[in-house]
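Engineer: Provided below are the primary sequence and the corresponding predicted coordinates.
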Amino acid sequence: MTRLEVLAPDGVGEVAVGDDLAALLTGLVALADGDVVLVTSKVVAKAEGRVVAGTREQLLAGETVRVVARRGPTTIVRTRHGLTMAAAGIDASNVEPGHVVLLPVDPDASARRLRARLTGLTGRTVAVVVTDTAGRAWRHGQTDLAVGAAGLRVLDDHAGRLDSHGTELAVTAPAVADELAGAAELVQGKLGRRPFAVVRGRADLVLPAADDGPGAVALVRADHEDMFGMGTREAVVSALRGDPAEAAGFGAPAGRDDVAAAVSAVTGQPARPLPGGGLESDAAASVLRPLAYAHGWRIDVNRDGVARLLPPTP
């Protein structure tokens, strides 16, 4: 039998800048080796002085690297942390009117500091996860996920393992830090004023005291790996604009076969291969230019109006 236990203590009052979160938690729960401590990003941010005057709308630009999508009043952005979140994770709940809470500047560093402080107070080897709430692109509702971590194997990589039928797994890698965050939120609740949770039963994921691990940043897809870096409407507008500053939203440059297929699909004409890996097309440059941009390629049109689509230079 496998058992997982999640504790979320009551009795945590309002947290203010400079409060010792480790002392607050250890006054309520006796930690054990192998525990995973989860704490909401809002409480971490309050303790670190990230409550500021203003509104989401006023502060959004300063927390945004690029806009991913907009629909009505909702703006999904890529934050400075690499997270893709509505309103950059800026939160106006449970804070005095006229103020909002920003995400911690470096949630992984926050987790490391809290882990070190907990070890100093208790002598226990624990992991720490800083959590926040996010939506999902294809599903209604929200769930909690890890935005910071220390002392935890955030991914449980199954590559190379065999399933019960002897099939070798290749890409299975549960994001256990996110799964732990979701489990903690079930016990904490949104309105329960329980910002801490302790998960017991997964000591196998907790790293030695001297090893803080890769942090939650290891869960963030880099721009070149992101297949959903823009909303559908935003991608169309960006491709037609051709602004180099927005190109990261389209991910890594495509291969020649993919570009040739796109040209054929849009123009109804096959693109001719060129020596060196490029393509040639008689289609209008006004059509080919956004195609090339969206695939990370360049376009050059000769005097005869023939367009060459060229892969990015190394």
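Structural biologist: All right, it came through fine. Residues are numbered from 1 along each chain as shown.
Engineer: give me the low-pLDDT residue ranges for the stretch 201-314 of the chain?
Structural biologist: The stretch 201-314 of the chain contains residues with pLDDT under 70 at 314.
Engineer: all the helices of it, residue numbers only.
Structural biologist: Using DSSP state H, counting those that start in this stretch, the helices found in the stretch 201-314 of the chain span residues 232-241, 256-267, 285-294.
Engineer: most tightly packed of those helices?
Structural biologist: Mean neighbour counts were compared across the helices of the stretch 201-314 of the chain using mean count of other C-beta atoms under 10 Å; the top stretch is helix 285-294, at a mean of 19. C-betas here are computed from N, CA, C, even on glycine.
Engineer: now do that one against helix 232-241, angle only.
Structural biologist: If you take axes from the mean of the first three to the mean of the last three C-alpha atoms, to 10 degrees, helix 285-294 sits at 120 degrees to helix 232-241.
Engineer: show residues contacting helix 285-294.
Structural biologist: Helix 285-294 is contacted from outside by 235, 238-240, 242, 247, 250, 259, 262-263, 266-267, 281, 298-299, 301, 305, 307, 309, using C-beta atoms under 8 Å, 6 or more residues apart in numbering.
Engineer: what's the longest helix in this structure?
Structural biologist: Identified as the longest helix of the chain according to DSSP state H is helix 107-122.
Engineer: next secondary structure element downstream of that one?
Structural biologist: Downstream of helix 107-122, the next assigned helix or strand under DSSP states H and E is strand 127-136.
Engineer: and the angle from that next one to helix 107-122?
Structural biologist: With the same axes, to 10 degrees as the basis, strand 127-136 and helix 107-122 are set at 150 degrees to each other.
Engineer: buried sites along strand 127-136?
Structural biologist: The neighbour-count check on strand 127-136 (16 or more other C-beta atoms under 10 Å) flags Ala127, Val128, Val129, Val130, Thr131, Asp132, Thr133, Ala134 as buried.
Engineer: circling back: nearest to Thr172, out of the helices of the stretch 201-314 of the chain?
Structural biologist: For Thr172, the closest of these is helix 256-267, at 25.9 Å, according to C-beta to C-beta.
Engineer: by contact count, what packs against the closest one?
Structural biologist: Applying 3 or more C-beta pairs under 8 Å, 6 or more residues apart in numbering; DSSP states H and E, one finds that helix 256-267 contacts strand 279-281, helix 285-294.
Engineer: export it as PDB, just CAs?
Structural biologist: Only the C-alpha atoms of helix 256-267 are listed here, as PDB (Å, rounded to 0.1, in the frame of the first residue of the first chain):
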ATOM      1  CA  ARG A 256      12.800  22.800 -45.100                       C
ATOM      2  CA  ASP A 257      10.100  20.100 -45.500                       C
ATOM      3  CA  ASP A 258       7.800  22.000 -43.200                       C
ATOM      4  CA  VAL A 259       8.300  25.300 -45.000                       C
ATOM      5  CA  ALA A 260       7.700  23.600 -48.400                       C
ATOM      6  CA  ALA A 261       4.500  22.100 -47.100                       C
ATOM      7  CA  ALA A 262       3.300  25.400 -45.800                       C
ATOM      8  CA  VAL A 263       4.000  27.100 -49.100                       C
ATOM      9  CA  SER A 264       2.200  24.400 -51.000                       C
ATOM     10  CA  ALA A 265      -0.800  24.500 -48.600                       C
ATOM     11  CA  VAL A 266      -1.200  28.300 -48.900                       C
ATOM     12  CA  THR A 267      -0.300  28.900 -52.600                       C
END
